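Asker: Need a 3D model of the following:
(2 chains)
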Amino acid sequence: MSDERLSRRTLLAATTALFGLVGTADARTVTGLPYLGNEVYPPPEARPGPWLFFTADEGAAIEAIVDRLIPTDDLGPGGKEAGCAIFIDRQLAGPYGRNEGMYMQGPFPANPLPTQGYQNQLTFAEQYRRGLAGLTAHVARNFGNRKPHQLSAEEMDRLLTSMEKREANSPEFNGSALFDLIHNNTMEGFFADPIYGGNKDMMGWKLIGFPGTRYDYREVFDKLNTRYNRPPVSLLGRPEWNKAGGRT
Amino acid sequence: MRRLPRKDAVIVGLGWTGAIMGHELCQAGLQVVALERGPWRDTASDFNIGTAPDELRYGIRNDLFVRPSQDCVTARNTMDQVALPIRRWGSFLPGNGVGGAGIHWNGHTWRFLPSDFNIRSHYLERYGEGIFPENHMIQDWGISYDELEPYYDKFEYLCGISGTAGNVNGQIQPGGNPFEGWRQRGYPTPPLRMQHAQNMFTKAATELGFKPFPLPSANLSQAYTNPLGVTQGPCTYCGFCERFGCANYSKSSAQTTILPVLMRHPGFEARVQCEVVRVLKSGDGKTATGVVYVDETGEEWEQPADLVILAAYQLWNVRLMLYSGIGRPYDPNSGEGVVGKNYAYQANSAVNGFFDNQLFNSWAGAGSLGITADEYNGDNFDHTGLNFVGGANINCTTFHARPISARPIPPGTPRWGSAWKKATRDNYLTTQNIGSQGSNMSYRDCYLDLDPTYKDRLGRPLLRMTFDFKPNEERMSAYVTSKMEPIMRAMGAKQIVSNPKKGPWSVVPYQTTHNTGGAIMGDNPRTSAVNKYLQVWDMPNVFVMGASAFPQNAGYNPTGTVGALTYHAADAITKQYLKNPGQPLVQA
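Answerer: This next block holds a predicted model:
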């Protein structure tokens, strides 16, 4: 999210004269209420299109994985259709992939306590790159020289189960760590606002009954313990609005 | 380093306590500058209704909190371990920018119990020395509830807190907390509307003999204009409260209660993105002469001032004192020294209930929407034979169902695949929990000091936290949690999962941003860093605000007490200290 902050700083520098920021030595002095009309800091919207981070093979592998983590079934579409792979790609191409804002100074000890949390010196993007290379080799070794996206659904389930249960771990391939990472990001993608590229048409929210960003639920208190039937709304509005309104 | 013109007072940090203190000092005629290391934040731009309800950005990627790359702490459970940096926030979430953590709090606004303030002497008198746990450092606060009451009142009326009084001038009130200390008048606004879960909890708890009451809330039930003339709007139960700024102006914060007045005060200015790196001292070391800060470009400035107010978050107040050599650093081996001593936290627990045929619709909630029962908090119950000190409030809240983080599924459900998908759908709207907010005592080996290895971006040592949950807290939490389970059963849950607090403390899962201690208040300079006016014992022109003053933590959220202590300190500064500046307000 540093992009917005950067633009905000640029904005502040550019508009110091407008609203009481004194452009002197102490450049950030604020007196009075620095209110700017029509000024908001939206997140960068994930756009459709080619992969920004993944190679074609990596993207195909992730699409195959997210579609088994969240399968298409009688409850509705799965992770691939929801755009979870797009979400992960856009996240890895952005500040998240670079671990921006995290404390990344060493030393990084070999055996941190589990209670001490994240102690990986690789960025998330690097973890994906190395992890997917390890996965590709692991699949080639164990599934007849094929690539991950060439596995059948049953084979992929077997692979993911072995990764989750640490049975696929080897010195070359930390399968359980890769599983946890992809699992976490897939769930983020399926349930985050569609503005980030996943949860297409709010299908994750529709599955469970989350009405999104409506922001005013006072009417709910008049009808407690009752199913809420208004359709969800996201930061992008609703798909119908965009079709009808012709916004591009 | 360039020297700026002298100010009457410099305030480090412009969150809740900095804003309160800034306003009180300006009203007393002082020229005040506040230095805030984060950005300016404004409701309309930063918490805009079109961008605020974004779980990924704020709830998961932590957009409102201080970046660990700018500042973090190292953590370990015991003194023989090597502390490692918290590289991304988990267990707690320190704020950043104007408004501080008061922007993204839930708004539970409590008064501590009268017996919380004299806990050591109270338990000693009632139960004898044997009740105290091994290696405890439990201390009285050096202030009484009665002394603080007017300042609790002032903070609650600043915020417009929504609630039902339980004890007005000693008269117990129906529907309120019968255990609370006396209050001079009722809450400024009536309680929030309650959800289905709270109605069920109230019925079940009442039948079991509890006296449940609405959680005092800084999400306001109706529009309110405070004594400064600032107006807040009613809460709309959007479900984006904790970790988020409020787009409705209905959550009390510096932005919604003070800044509109303070920022226009001719005696006040704020400098943002300016990080104070140390407090400057006079040659004899007995007086602070100002502060040094680094601006966004990396340039250092000296800001001289007669009065220095540390109003940063608890952790950073302590660290600034350690950097600057204010007060004697605590030594866990000897038990001597005061700065860094008595770090404590909060021992919370939860009982999850999975239901059939109930629709909780928990996405329609507010940070402080809840019903509470206080029967097992503090010393509201007989501790004889229980082998622990302290207690917890029991609460049933509905504050969000944001779907990345709140998708309860029964234990044993697969984490992925069709079975996961079905369980997620089936339980999302039909699960409710009962929580407890537990006290946390202070111990000789739970403390803060400077890390020997890890440095911040400016090359200064990070703060090191040595902390774990102790058997006293585990026993307390197990006991209180066992009192929550019958309520959940009476509510009709088909499956109940209890999670009492247990060590070891982990930095990973979010627990609470209720970090306390490290610059504790008391009546004796040998055992406390500040007096009851939050004035540093051995540097009388430095005052240290915030939960760093708590000698141990009570079974409540801290902000109400933080606000009251700030007003109490401000009153002493403006009415006593300024008549005779540079002198201690309490004789050691």
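Asker: sec struct for B:Arg126, please.
Answerer: helix (DSSP: H, G, I helix; E, B strand; the rest coil).
Asker: ok, it to chain A distance?
Answerer: 35 Å (C-beta to the nearest C-beta, to the nearest Å). Bear in mind the C-beta positions are built from the backbone N, C-alpha and C, glycine included.
Asker: dump the residue contacts of that residue.
Answerer: Each residue near B:Arg126 by C-beta atoms under 8 Å, 6 or more residues apart in numbering or on different chains is listed here: B:Asp379, B:His383.
Asker: and B:Phe321, how far is that from B:Cys396?
Answerer: Just so we're on the same page, residue B:321 is Met rather than Phe. According to C-beta to C-beta, to the nearest Å, B:Met321 and B:Cys396 sit 39 Å apart.
Asker: Give the residue from these two that has the larger number of neighbours.
Answerer: Counted by other C-beta atoms under 10 Å in any protein chain shown, B:Met321 and B:Cys396 do not tie: B:Cys396 has more neighbours, with 31 against 28.
Asker: Remind me which helix or strand that one belongs to.
Answerer: Assessed by DSSP states H and E, B:Cys396 sits inside strand B:392-397.
Asker: which other helices and strands contact that strand?
Answerer: helix B:196-207, strand B:370-373, strand B:431-438, helix B:471-491 (3 or more C-beta pairs under 8 Å, 6 or more residues apart in numbering or on different chains; DSSP states H and E).
Asker: hmm, try it at 6 Å
Answerer: Using 3 or more C-beta pairs under 6 Å, 6 or more residues apart in numbering or on different chains; DSSP states H and E as the contact criterion, the elements in contact with strand B:392-397 are helix B:196-207, strand B:370-373, strand B:431-438.
Asker: Would you tell me what the next helix or strand after the first one is?
Answerer: When you say that, I think you mean helix B:196-207. Next element after helix B:196-207 (DSSP H and E): strand B:213-214.
Asker: Average pLDDT for that next one, rounded please.
Answerer: Averaged across strand B:213-214, the pLDDT comes to 98.
Asker: partner strands of it, parallel or antiparallel?
Answerer: Partner strands and pairing direction for strand B:213-214 (DSSP bridges) are strand B:370-373 (antiparallel).
Asker: quick one: contacts of the partner strand?
Answerer: The contact list for strand B:370-373 (C-beta atoms under 6 Å, 6 or more residues apart in numbering or on different chains) reads B:Gln198, B:Phe201, B:Thr202, B:Ala205, B:Phe210, B:Pro212, B:Leu215, B:Asn393, B:Ile394, B:Asn395, B:Cys396, B:Thr397.
Asker: For the longest helix that chain A contains, buried residues please.
Answerer: Longest helix in chain A by number of residues (criterion: DSSP state H): helix A:124-142. By 16 or more other C-beta atoms under 10 Å in any protein chain shown, the buried positions in helix A:124-142 come out as A:Phe124, A:Ala125, A:Gln127, A:Tyr128, A:Arg129, A:Gly131, A:Leu132, A:Gly134, A:Leu135, A:Thr136, A:His138, A:Val139.
Asker: tell me the mean pLDDT for the following helix or strand past that helix?
Answerer: Proceeding N to C from helix A:124-142, the next assigned helix or strand is helix A:153-164, under DSSP H and E. Average pLDDT, helix A:153-164: 98.
Asker: Which of the helices or strands spans the closest residue to A:Glu164 other than its chain neighbours?
Answerer: Closest residue to A:Glu164 apart from its sequence neighbours, by C-beta to C-beta, 6 or more residues apart in numbering or on different chains: A:Phe179 at 5.0 Å. Mapping A:Phe179 onto the secondary structure by DSSP H and E places it in helix A:175-191.
Asker: Name the residues that touch that helix?
Answerer: If you take C-beta under 6 Å, 6+ apart as the criterion, helix A:175-191 is touched by A:65-66, A:69-70, A:79, A:82, A:84, A:87-88, A:131, A:163-164, A:166, A:168-169, A:198-199, A:204, B:403-404.
Asker: which among the residues you listed end up buried?
Answerer: Buried members of the contacts of helix A:175-191, scored by 16+ other C-beta under 10 Å, are A:65-66, A:69-70, A:79, A:82, A:84, A:87-88, A:131, A:163-164, A:168-169, A:198-199, A:204, B:403-404.
Asker: now the residue nearest to B:Gln552 when sequence neighbours are not counted: how far from B:Ala101?
Answerer: Leaving aside its chain neighbours, B:Gln552 sits nearest to B:Ser442 (4.1 Å; criterion: C-beta to C-beta, 6+ apart). Here B:Ser442 is placed at a distance of 22 Å from B:Ala101 (C-beta to C-beta).
Asker: buried ones in the longest strand along chain B?
Answerer: Scanning chain B for the strand with the most residues, using DSSP state E, yields strand B:300-310. Across strand B:300-310, burial judged by 16+ other C-beta under 10 Å covers B:Trp301, B:Gln303, B:Ala305, B:Asp306, B:Leu307, B:Val308, B:Ile309, B:Leu310.
Asker: Wait, the first one touches B:Val294, no?
Answerer: No - distance between B:Trp301 and B:Val294: 7.7 Å, which falls outside the contact criterion (C-beta atoms under 6 Å).
Asker: which residues touch B:Gln273?
Answerer: A:Arg28, B:Glu296.
Asker: Helices of chain A, residue ranges please.
Answerer: Under DSSP H, chain A gives helices at A:2-14, A:56-69, A:79-82, A:84-93, A:124-142, A:153-164, A:175-191, A:203-208, A:239-245.
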